[in-house]
Every structure is written in C-alpha cells, then in structure tokens.
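Visitor: A predicted structure for the sequence below; I have some questions about it.
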Protein chains: 2
Amino acid sequence: MECFTGLEISPKKVEYLKFLFKKDETVRTTDISSELNVDPSTTTKTLADLAAQGYVDHVPYRGVRLTEKGKEYARFLVHRHNILSLLLTHYGLSAKESCHEVSRFEAYVSRNAIEKICASMGHPTVSVCGKISHGSCSIGEHS
Amino acid sequence: MECFTGLEISPKKVEYLKFLFKKDETVRTTDISSELNVDPSTTTKTLADLAAQGYVDHVPYRGVRLTEKGKEYARFLVHRHNILSLLLTHYGLSAKESCHEVSRFEAYVSRNAIEKICASMGHPTVSVCGKISHGSCSIGEHS
DNA sequence: ATATAATATTGGTATTTATCCAAACTTTTT
DNA sequence: AAAAAGTTTGGATAAATACCAATATTATAT
C-alpha cells in the first residue's frame, strides 16, 4: 500500500483509470473509446499497457476492470483531480475551467504535493468535480 | 503581442527558453547542455526547433539568443514558474519542493489560469524562485 | 600559420506516448 | 448460420526526447 509517487502513469492512462474507477464495473473497449474519443484499437493497446503494469485485468473481447492495485491508484487519481480543481477555483477559475485546466497537468503532480495541499486545505469533502473522499490521504486511511 | 496561450511549447523547450532568458545574452550550445544535462547534439536539435518557431536566433557554431518574441514568451514562462511556485508554498511545500514540483507540470498550465491566479494573489512581487515581474500580466503592461 | 584541442553539428538510431487505418477475429443478433 | 457489431492485431505515423559516432568548425598553442 501507499508505495507510489503519483507519477507512475502517463496523462492518457490517468484518464483511462479515472473512467474505469467511475464506472466501477467491467467496461467494454467501446465504452472507453467513446468516452475518451479514441479509436478502439488505441484503447486495446493502452489497456494492454495498463494490464502489464498491473492496474487492470483485461479479458480480450470481454472487457476490463480495475485490479485492487488499480482501484487504489485510481482512487488517488480522482482525489488528485478533485483537490487540484478545487484549488484552482480558489483563484478565480470557474468550476469548468478548473476541471479542464487540471486535466492538462494533473498527471505531473506528485502524491506528496497533493497530500500537503489536501492537508493544508483541511481535507475538504466537496470539490467542483464531485465529492472528495480521503482514502488516498493520511486521513480516512483505515488505520 | 499577447497572442499566446502558454501551451505552445513542450516542457523541455520551456527549460531552454527560461535558461536563455536568465542568461540574457548569446549563449553557447555547451552552456545549455551542461545546464540541462543533455548531450550537445540534443541541444543543437532543440535549438533548431525553437528557431523554426521563432523563439531564438541560432548562428551555427556561434551561439543562440532569444528573439523579441522569444523574450516576451520567456518572460511569461518565468512568471508562470514563479507564480506557481509561490502558490505551492502557500500549501505547505518548501521553496525547493515547490520549485521542483512546478518544473514538472508548468508547461501544461495556461496563461489564462496564470493570469487569474496572479490577479487573485494581488500580483505578488516576490516568489520563492526570485522576484516576480508582471510584464506578462495585464498589470505592468506598458498600457 | 598550422597542428591540436575544444566546441558544435549532422546523421543515424532509439524510446515513450499516443494515434489511426485496414484486416482479421470473436461475439452477438437476427 | 449469416450478418452485424464489437474487438484485436499488425502496420504506420507523429511528436518529444535523447544518445552516439562521425564530421565540421573555431580556437588555441606552439
């Protein structure tokens, strides 16, 4: 557990995992493709990478789902997105702007930074892109 | 003037321009290479790209310097770095951490966001990585 | 002023991330 | 079972980054 920096996967793969987390069930290649606006063959290939890294289980022609590791990681990814989006709204960006802005750079923000920002904000529970859970923070960890 | 989004150049090129801006004179390939820890041949090639995009003038075997466009752009790049670094220190990151963290994602933060953040902070004049000038903001523009 | 050293560029190659298309394959539907 | 829908494979491409070896240029030293 908790042995990740937040920088292990590429920007696009972050989107895949966040989507998978949101769906919380077995998802089909086409679902991902239409959500992310990429060719199904691109999805298949990306899924192969994510499976090789242990984030998803992919059964060809059947579907994908997050592994336990993938779930834990995706929980962090969503949390990071929410914290950063919330942060930007504190500086005059609209909810939509913040969310969009964050999507561009979130993959490069470390877990360490997010934990500090989150703590500094008092572990907020609501963001502009949805509720915030703290399962990936010090707080909320089943400790 | 001011017709850029802040997203026109890649992360590594941002570093080249910031360095060139800092030196503020003709710089040699080797200077850049040792600063950025890349092979001189890599520098030469990157410089060719930057020249093609109009940010630098490169005289082979002689050196590089920013064009006017490059200077204006680099001014923004430095400003962006400073604003973001300052921002992170407000959330419990040390100066060094902030600077390092920001270096990873700054290339993906838009000018629009920076202007809003800067305004929201009251156009601060000191950051953790140096003084902040506002030549790339609404404020400070010779208007 | 010329050999040598230092610096820079070119050409070739590689990796990572991301993407598409066409063809082949599997599953579902009719 | 045939057709349609969905998925995967194979082949290609592009951008960003980077290295090495070879070549070219400039500077230095004698």
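Guide: Nice, I can see it. Here the structure is a predicted model, which means the values were calculated and not measured.
Visitor: What separation is there between the closest residue to A:N82 other than its chain neighbours and B:S136?
Guide: Distances taken as C-beta to C-beta, 6 or more residues apart in numbering or on different chains place A:S127 nearest to A:N82, at 3.7 Å, with adjacent residues excluded. (C-beta placed from N, C-alpha, C; glycine too.) Distance, A:S127 to B:S136, using C-beta to C-beta, to the nearest Å: 29 Å.
Visitor: which of the two has more neighbours?
Guide: B:S136 (25 against 21; other C-beta atoms under 10 Å in any protein chain shown).
Visitor: Just confirm the more buried one is within a helix.
Guide: No - assigned with DSSP: H, G, I helix; E, B strand; the rest coil, B:S136 falls outside any helix and is coil.
Visitor: can you list contacts of stretch A:13-32?
Guide: A:9, A:35-36, A:38, A:40, A:43-44, A:46-47, A:49-50, A:55-56, A:62-66, A:70-71, A:73-75, A:77-78, A:81, A:103, A:106-107 (C-beta atoms under 8 Å, 6 or more residues apart in numbering or on different chains).
Visitor: Let's see that stretch as PDB, backbone CA atoms only.
Guide: The C-alpha trace of stretch A:13-32 is given here as PDB (Å, rounded to 0.1, in the frame of the first residue of the first chain):
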ATOM      1  CA  LYS A  13      -3.600   6.400 -18.900                       C
ATOM      2  CA  VAL A  14      -4.700   8.600 -16.000                       C
ATOM      3  CA  GLU A  15      -7.900   9.200 -17.900                       C
ATOM      4  CA  TYR A  16      -8.400   5.500 -18.600                       C
ATOM      5  CA  LEU A  17      -8.100   4.700 -14.900                       C
ATOM      6  CA  LYS A  18     -10.300   7.500 -13.800                       C
ATOM      7  CA  PHE A  19     -13.000   6.400 -16.200                       C
ATOM      8  CA  LEU A  20     -12.700   2.800 -15.100                       C
ATOM      9  CA  PHE A  21     -13.000   3.900 -11.500                       C
ATOM     10  CA  LYS A  22     -16.100   6.000 -12.200                       C
ATOM     11  CA  LYS A  23     -17.800   3.000 -13.900                       C
ATOM     12  CA  ASP A  24     -16.800   0.600 -11.100                       C
ATOM     13  CA  GLU A  25     -17.600  -2.500 -13.100                       C
ATOM     14  CA  THR A  26     -16.400  -4.400 -16.200                       C
ATOM     15  CA  VAL A  27     -16.200  -1.900 -19.000                       C
ATOM     16  CA  ARG A  28     -16.100  -2.600 -22.700                       C
ATOM     17  CA  THR A  29     -13.500  -1.300 -25.100                       C
ATOM     18  CA  THR A  30     -16.000   0.800 -27.000                       C
ATOM     19  CA  ASP A  31     -17.200   2.500 -23.800                       C
ATOM     20  CA  ILE A  32     -13.700   3.700 -23.200                       C
END
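Visitor: now the one helix or strand A:S34 maps to, how far from the centre of its chain.
Guide: Using DSSP states H and E, A:S34 maps to helix A:29-36. How far helix A:29-36 lies from its chain's middle: 16 Å, per C-alpha atoms, centre = their mean, to the nearest Å.
Visitor: pLDDT on that helix, on average?
Guide: pLDDT averaged over helix A:29-36 equals 98, rounded to a whole number.
Visitor: re earlier: pull out the buried members of the contacts of stretch A:13-32.
Guide: A:9, A:35, A:38, A:43, A:46-47, A:50, A:55-56, A:63-66, A:70-71, A:73-75, A:77-78, A:81, A:103, A:106-107 (16 or more other C-beta atoms under 10 Å in any protein chain shown).
Visitor: where does chain A have low pLDDT?
Guide: For chain A, residues meeting the criterion pLDDT under 70 lie at A:1, A:138-143.
Visitor: 80 instead, please
Guide: A:1-2, A:126, A:130, A:132, A:135, A:137-143 (pLDDT under 80).
Visitor: How far away from the center of its chain is the top helix by length along it?
Guide: Identified as the longest helix of chain A according to DSSP state H is helix A:68-89. Here helix A:68-89 shows a centroid-to-chain-centroid distance of 5 Å under the convention C-alpha atoms, centre = their mean.
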